[in-house]
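A.B. asks: compute the structure for the input listed below.
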Amino acid sequence: MGNQRSRNSRGGRGYSNSRRRRQEQLVKRALVILCISMICITGLIFLCKKLFFSKDQEVTPAEEAMSGDEWIGAPALDVELIDVNEYSRPGTALEKINGIVIHYTANPGSSAIANRDYFEGLKDAHTTKASSHFIVGLDGEIVQCIPSTEIAYASNERNSDTLSIECCHPDDSGKFNDTTYASVVSLTSWLCVRFGLTSQDVIRHYDVTGKLCPKYFVENEEAWTQFKSDVDAGIAQVQELRNQQ
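C.D. replies: Numbering: from 1, shown residues only. I've put the predicted structure just below:
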């Protein structure tokens, strides 16, 4: 009888161990299934965001610190940031914005994205140091190359406290077409309101270094005066839009 009880006891322990192993295997399988499900759900959420939210609706990397109110009156921006590199985007913080500098590309007929790609390519070409925060194209498109929180290589000794806007132009005169002009006015006006500036804080590259840039506004002072007047009107419009909210 004692031997029989001993065998039964060992048999019971063996059964218990086997059942415990099966339970552990089931738990492991459940954990694996749970992990796979979480990965699939995360991937699905990411895909849905890409499919149903456009770049204009997302908070862009270049303007991630902006609140909803700051977007009021903003023109559409195509944010195409260039890579951080020592030739066109050093990544240096722009501590304070005291002005906006207007430039022209000096490359008649070129597009905004082509000029942006030129700045990007300097990291490999090493031919010069140049860039701009924004480029306004011949169709009025606005490409942002540098975040407004960083300096650009555009305005010499004023790089440290200004934002730069490069403007495309159709011919050697350097005069902006109507569509480009309207976008430059809109962008400049909004930036002035956003950063607490006035049209008196909007200058030409010429005013910093004496360089013939932007050419048409240097050779035609009355056109530059009109531009600043149009910026004043644009500032008033943006402020009115914000007051209506």
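A.B. asks: and the chain, split by domain according to the record?
C.D. replies: Using automatic domain parsing, the domain ranges for the chain come out as 1-53, 64-244.
A.B. asks: just these: most buried one?
C.D. replies: domain 64-244 (a mean of 18; mean count of other C-beta atoms under 10 Å). Quick note: C-beta positions are derived from backbone N, CA and C, even for glycine.
A.B. asks: check the offset of it from the chain's centre.
C.D. replies: Between the centre of domain 64-244 and the centre of its chain there are 14 Å (C-alpha atoms, centre = their mean, to the nearest Å).
A.B. asks: average pLDDT across it?
C.D. replies: When pLDDT is averaged along domain 64-244, the result is 95.
A.B. asks: in contact with the residue lying closest to Gly137 once chain neighbours are set aside, which residues?
C.D. replies: Nearest non-adjacent residue to Gly137, counting by C-beta to C-beta, 6 or more residues apart in numbering: Ala112, 3.2 Å away. Taking C-beta atoms under 8 Å, 6 or more residues apart in numbering, we find Ala112 in contact with 78, 135-138, 141-143, 168.
A.B. asks: out of the residues you listed, who's nearest Ser155?
C.D. replies: Ile135 (14.4 Å; C-beta to C-beta).
A.B. asks: hang on, that closest one is in a strand, isn't it?
C.D. replies: Yes - counting by DSSP: H, G, I helix; E, B strand; the rest coil, Ile135 is found in a strand.
A.B. asks: returning to that earlier point: and the residue nearest to Gly137, how far is that from Glu141?
C.D. replies: Counting by C-beta to C-beta, to the nearest Å, the gap from Ala112 to Glu141 is 5 Å.
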